[in-house]
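Student: build me a model:
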Amino acid sequence: MSPPASPVALPADPHSFASGSPVRVQHLALDLTVDFDNRTLAGSATWQLANPEAGSEVILDTRDLAIEAVERLDAAGNATPADFSLGTASSTLGQALHVSLAPDTTALRIHYRTAPTAAALQWLAPAQTAGTQPFLFTQSQAILARTWLPCQDSPGIRFTYEASVRVRAHLLALMSAENPQQRNDSGEYHFRMNQPIPAYLMALAVGDLEFAQLSHRTGIYAEPATLPLATHEFVDLENMVAAAEQLYGPYRWEQYDLLVLPPSFPFGGMENPRLTFVTPTILAGDRSLTSLVAHELAHSWSGNLVTNGTWNDFWLNEGFTVYFERRIMEHLYGREYADMLQALGRDALHHTIAEIGASSPDTHLRLQLAGRDPDEGLTEIAYEKGCSLLLALEALVGRPRLDAFIKEYFARFSFQAMDTATFLNYLRSELLDKEPGLEERLQLRDWVDGPGLPANAPAVASHRFEAVDQALARLQSGTSPAELQPGTSEWSSHEWVHFLHGLPPTLSAEQLSNLDGVFEFTTSGNAEILTAWFPHTLRAGYAAADAALENFLRHVGRRKFLVPLYRALLATPDGPARARKIYAEARPNYHSVATGTLDALVV
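Tutor: Sure thing, here's the model as predicted:
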């Protein structure tokens, strides 16, 4: 195996003021007090500087932070006040914090307080949790770390950190770091992250949490009422880690734990190192939605270990991760299972391309997001088109060669950032140039800088979905739902979602009632099934599902589900008024990541 490569020379990051700072941060000592009453974090961030001699100032990213004082520290730890200024405010990027340096400066200490409306922080009242205590969690990706921490908030800038966090004595604090496994009497917790990470992987959660160990390096944190179901659902976690290691090399983060958050979490999961945050909507009871955990685990290599240099390179995180996720699932549950995931992913990609526009530059893998919120690049393009490129590579060179390439890539560039141009050069030198004409057969330029899905994308198909399609055809030809039922008893969530997506949009309320009477979709506890079912009920005016839909929208905060359901509701005759009423009641339960999208859609 080759030695680690020299750091990649990255392009300027259009989403970070700090990207242009010649002086870079190296290590953070964070000291915070969590105030649930005022919904603020207050304390200090002490930054050790990697190269303080490189310039006369250091630039950090902030957004809606109250900067109370800044001090310069010398090598002996002596502190003196530092001159600082805040730049012009941008609604998306926040403000640049400029701090003047002296010749003997080795570190900066910034005293600050967050705003109650900090976009990364969600403060939950007890009624919004599974228990009787309040809850706090952060969501720093893509550029929200700056709303709770003055930092160099670019994925291309990495640092190690330690932290002291004070909370109410009966609550437990966790971070993307070495974590406690039980509460203490003082309410003060100490953390250390020895591997360097970018700011978007900074994470904090505080709540009434307990821990269940699954193996020597895996475990589950959750509220007490949720923990038994979660430990049952994720019993294969250690097997997932072992499968990932067999594919692409050792797990480099020591511990791999999951934190099951309250349902307002806006994403399916977030790959915070050592502590993946996951939504409770994957607790289906039958372990059928655990591919999401395989996805977040895969990020421990693609994303956390080798990180997209800027958000224009987001596909380097997500395309590799989707491919890796499905390889893990194939290893554990077989090729037919993984094929279902590929087919669902390809369907989602076609839907996204149709929605964005087949000729739109936003369907390119290499994005141009300058002047926009990078959240706009978090689409199925990065995930599924990126995965499809790797499937095309696999078809051309074979799995063994592709696996060897990916494993070497993770090893050579571990704990570094990677941009698209550098990756393409590496791909050419290590794989494509080994065989004349291979790049032309791959049509690499069409994949990276061309719109839509290239014509040479490998077809994906699922044998298990073929059986579902046969059931749909029988239904269309007059077979009753009751007659279909015996053949569906072993279906997974994926098969049911495919079935629901395949139902014709012309079904009447009576026909939906017949389906519901047999298959009980409206009372399903599976969020994926409900999200595929409710658009049919709305379109047909099937009123029996209305209460379940409204309950879902009021309690689930996952953006992937909310956006299509609100769109389906808005498309009905009385939908806009209903949507606004539900949204007004539900909005306090949603994270800012979700409301940022839904405010423009619903209000």
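Student: give me the beta-bridge partners of residue 60?
Tutor: Following DSSP bridges, residue 60 is listed with bridge partners residue 97.
Student: tally of neighbours for it?
Tutor: Burial measure for residue 60: 30 neighbouring residues, criterion other Cβ atoms under 10 Å. Backbone N, C-alpha and C define where each C-beta goes, glycine included.
Student: kindly report the same for the one 5 residues further on.
Tutor: As a burial measure, the neighbour count of residue 65 was computed by other Cβ under 10 Å and equals 25.
Student: what does residue 399 give?
Tutor: Neighbour tally, residue 399, other Cβ under 10 Å: 11.
Student: all helices for the stretch 501-603 of the chain, in order.
Tutor: Counting by DSSP state H, counting those that start in this stretch, the stretch 501-603 of the chain has helices at residues 509-519, 527-540, 546-555, 559-570, 575-586, 592-602.
Student: which residues touch the residue lying closest to residue 233 once chain neighbours are set aside?
Tutor: Distances taken as Cβ to Cβ, 6 or more residues apart in numbering place residue 283 nearest to residue 233, at 5.2 Å, with adjacent residues excluded. By Cβ atoms under 8 Å, 6 or more residues apart in numbering, residue 283 lies in contact with 226, 229-230, 233, 260, 289.
Student: and the residues you listed, which of them are in helices?
Tutor: 229-230, 233 (DSSP state H).
Student: highest neighbour count among those?
Tutor: Going by other Cβ under 10 Å, residue 233 tops these with 25 neighbours.
Student: doesn't residue 288 make contact with that one?
Tutor: No: taking contacts as Cβ atoms under 8 Å, residue 233 lies outside contact range of residue 288: 9.4 Å.
Student: do you know which of the helices of the stretch 501-603 of the chain lies nearest residue 478?
Tutor: With Cβ to Cβ as the criterion, residue 478 lies closest to helix 509-519 of the helices of the stretch 501-603 of the chain, at 11.5 Å.
Student: which other helices and strands does the closest one contact?
Tutor: The contact analysis (3 or more Cβ pairs under 8 Å, 6 or more residues apart in numbering; DSSP states H and E) places helix 509-519 against helix 481-484, helix 527-540.
Student: at 6 Å instead, please
Tutor: Helix 509-519 sits against helix 481-484, with contacts defined as 3 or more Cβ pairs under 6 Å, 6 or more residues apart in numbering; DSSP states H and E.
Student: residue 74 and residue 44, how far apart?
Tutor: 17 Å (Cβ to Cβ, to the nearest Å).
Student: the more surrounded of those two?
Tutor: residue 44 (18 against 15).
Student: list the buried residues of the helix or strand where the more buried one lies.
Tutor: According to DSSP states H and E, residue 44 maps onto strand 40-49. Across strand 40-49, burial judged by 16 or more other Cβ atoms under 10 Å covers 40-49.
Student: what's the closest of these to residue 137?
Tutor: Distances from residue 137 to the buried residues of strand 40-49, taken by Cβ to Cβ, are shortest for residue 41, at 12.3 Å.
Student: contacts for the helix or strand that contains residue 469, please.
Tutor: For residue 469, the enclosing helix or strand under DSSP H and E is helix 463-476. Identification of contacts with helix 463-476 by Cβ atoms under 6 Å, 6 or more residues apart in numbering yields 336, 340, 343, 484, 495, 498-499, 502.
Student: can we see that at 10 Å?
Tutor: With contact meaning Cβ atoms under 10 Å, 6 or more residues apart in numbering, helix 463-476 is reached by 335-337, 339-340, 343-344, 347, 462, 479-481, 483-485, 487-488, 490-492, 494-504, 507, 511, 515.
Student: next one: phi and psi at the residue nearest to residue 233?
Tutor: Phi and psi for residue 283, reported as degrees, to the nearest 10, are phi -80, psi 80.
Student: what does the pLDDT read for it?
Tutor: Here, the pLDDT recorded for residue 283 equals 93.
Student: same check, this time on residue 466
Tutor: For residue 466, the model assigns a pLDDT of 97.
Student: so what's residue 357 up against?
Tutor: 363, 451-452.
Student: go on, residue 23?
Tutor: Applying Cβ under 10 Å, 6+ apart to residue 23 gives the contacts 47, 49-60, 99, 101, 105, 108, 152.
Student: kindly report the same for residue 200.
Tutor: Residue 200 neighbours (Cβ under 10 Å, 6+ apart): 120, 139-146, 151, 153-155, 270-272, 303, 307-308, 311, 374.
Student: ramachandran coordinates for it?
Tutor: Residue torsions, per degrees, to the nearest 10, at residue 200 are phi -70, psi -10.
Student: which residue of the protein lies farthest from its centroid?
Tutor: residue 478 (42.5 Å; Cα atoms, centre = their mean).
Student: where's that residue relative to residue 501, distance?
Tutor: 21 Å.
Student: which element is residue 417 on?
Tutor: For residue 417, the element it lies in under DSSP H and E is strand 416-418.
Student: one more: residue 196?
Tutor: Going by DSSP H and E, residue 196 is part of strand 188-198.
Student: which strands or helices does that strand pack on?
Tutor: strand 25-35, strand 158-166, strand 172-175, strand 306-308 (3 or more Cβ pairs under 10 Å, 6 or more residues apart in numbering; DSSP states H and E).
Student: and the ones you listed as CSV, adding distance to residue 379 and mean neighbour count?
Tutor: Shown next, in CSV, are those (distance: least, Cβ to Cβ, whole Å; neighbours: other Cβ atoms under 10 Å):
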stretch, distance to residue 379, mean neighbour count
strand 25-35, 31, 19
strand 158-166, 26, 20
strand 172-175, 29, 26
strand 306-308, 14, 25
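Student: closest to residue 559 out of those?
Tutor: So among those, strand 306-308 is nearest, using Cβ to Cβ, at 20.3 Å.
Student: which strands or helices does the closest one pack on?
Tutor: strand 188-198, helix 314-333, helix 399-412, strand 416-418, helix 420-430.
Student: put the alpha carbons of the host helix or strand of residue 445 into CSV.
Tutor: In this assignment (DSSP H and E), residue 445 forms part of helix 444-449. Output of helix 444-449 as CSV, limited to C-alpha atoms (Å, rounded to 0.1, in the frame of the first residue of the first chain):
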residue,chain,number,x,y,z
LEU,A,444,-16.0,10.4,-17.9
ARG,A,445,-16.6,14.0,-19.0
ASP,A,446,-20.3,13.3,-19.6
TRP,A,447,-20.6,11.9,-16.1
VAL,A,448,-18.8,14.7,-14.3
ASP,A,449,-19.6,17.9,-16.3
